[in-house]
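1. generate coordinates for the sequence data below:
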Amino acid sequence: MGQKVNPIGLRLGINRNWESRWFPTKANLVENIGEDYKIRAFLKRKLYYAGISQILVERTAKKLR
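-> As a prediction, this is how the structure comes out:
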């Protein structure tokens, strides 16, 4: 039997990049992950017919881009 490997984790750094770029503090980690999920879900619903292939979330210390 073969090993089950997550395909996103396998391809990171080779032909795929991270979907989020930010470095959280321990206090904000759960909040930021939840916000990223909600942002992606909202944009996927609203822009479903636009043909957007990937949504990247990038945060600096005080801004969301």
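2. ok, and what's touching stretch 46-56?
-> The contact list for stretch 46-56 (Cβ atoms under 8 Å, 6 or more residues apart in numbering) reads 17, 19-21, 39-40, 43-44. Using the backbone N, CA and C atoms, a C-beta is placed for each residue, glycine as well.
3. for it, buried residues please.
-> In terms of neighbour count (16 or more other Cβ atoms under 10 Å), stretch 46-56 has no buried residues at all.
4. and it, what's its mean pLDDT?
-> Regarding stretch 46-56, the rounded mean pLDDT is 86.
5. just the buried residues of the top helix by length along the chain, please?
-> Longest helix of the chain, by residue count under DSSP state H: helix 29-46. Neighbour-count burial for helix 29-46 flags 32, 36, 40 (criterion: 16+ other Cβ under 10 Å).
6. check contacts around the first one.
-> By Cβ under 8 Å, 6+ apart, the contact set of residue 32 is 22, 24, 59.
7. can you redo those as TSV with secondary structure and distance to residue 9?
-> Shown next, in TSV, are the contacts of residue 32 (DSSP: H, G, I helix; E, B strand; the rest coil; distance: Cβ to Cβ, whole Å):
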residue	secondary structure	distance to residue 9
22	coil	19
24	coil	20
59	strand	22
